[in-house]
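[1] Here is my input; please provide its structure:
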Amino acid sequence: QVQLVESGGGLVQAGGSLSLSCAASGRTFSTYIMGWFRQAPGKEREFVAQISGSGYSTYYADSVKGRFTISVDNAKNTGYLQMNSLKPEDTAVYYCALVRTLYYRRIRQSDEYPYWGQGTQVIVSS
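    Got it, this is the predicted structure:
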């Protein structure tokens, strides 16, 4: 089993920045994809970004492209989501997720990720 624990959420003013972390423990994989999703109140969970385990391949939702940066540090078994120029519409619970895969591909559907963290709240005030 893989355990994922997010941290770094909080309250920030519009235009500000936050950095989220996702610490992985338990079973580890040599090849995987880590994704970040978010869910606002009353809305469905939506894809934010993903990264290959090597760190070389990334993919972003259009709504965050140019503002968010995803990265991984395999030495620390930790993934990161740097969020800049935050907007009130970025307010949501943010989740990291992980799937073992032999090859990189774009995965936007949440149900393709078997491992999830508990989420961390991000609130952006206007």
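[2] going forward, measure contacts between C-alpha atoms and count neighbours the same way
    Fine.
[3] May I have the secondary structure class of the residue nearest the centre of the chain?
    Nearest residue to the geometric centre of the chain (Cα atoms, centre = their mean): Trp36, 2.2 Å. Three-state call for Trp36 (DSSP: H, G, I helix; E, B strand; the rest coil): strand.
[4] Quick check: chain neighbours aside, which residue is closest to it?
    Using Cα to Cα, 6 or more residues apart in numbering and skipping the chain neighbours, the partner closest in space to Trp36 is Cys96 (4.5 Å).
[5] Also Ser30?
    Gly53 (7.4 Å).
[6] Flag every buried residue along stretch 41-48.
    45-48 (16 or more other Cα atoms under 10 Å).
[7] Mind telling me what element the nearest residue to Arg106 once chain neighbours are set aside is part of?
    With sequence-adjacent residues excluded and distances taken as Cα to Cα, 6+ apart, Arg106 is closest to Tyr59, at 7.1 Å. For Tyr59, the element it lies in under DSSP states H and E is strand 58-60.
[8] quick check: mean pLDDT across that strand?
    Average pLDDT, strand 58-60: 98.
[9] Report the buried residues of the helix or strand following it.
    Remark: after strand 58-60, the chain's next helix or strand is strand 68-73, criterion DSSP H and E. Using 16+ other Cα under 10 Å as the test for burial, strand 68-73 gives 68-72.
[10] now the helix or strand following strand 68-73, how far from the centre of its chain.
    Using DSSP H and E, the helix or strand that follows strand 68-73 towards the C-terminus is strand 78-83. Strand 78-83 sits 7 Å away from the centroid of its parent chain (Cα atoms, centre = their mean, to the nearest Å).
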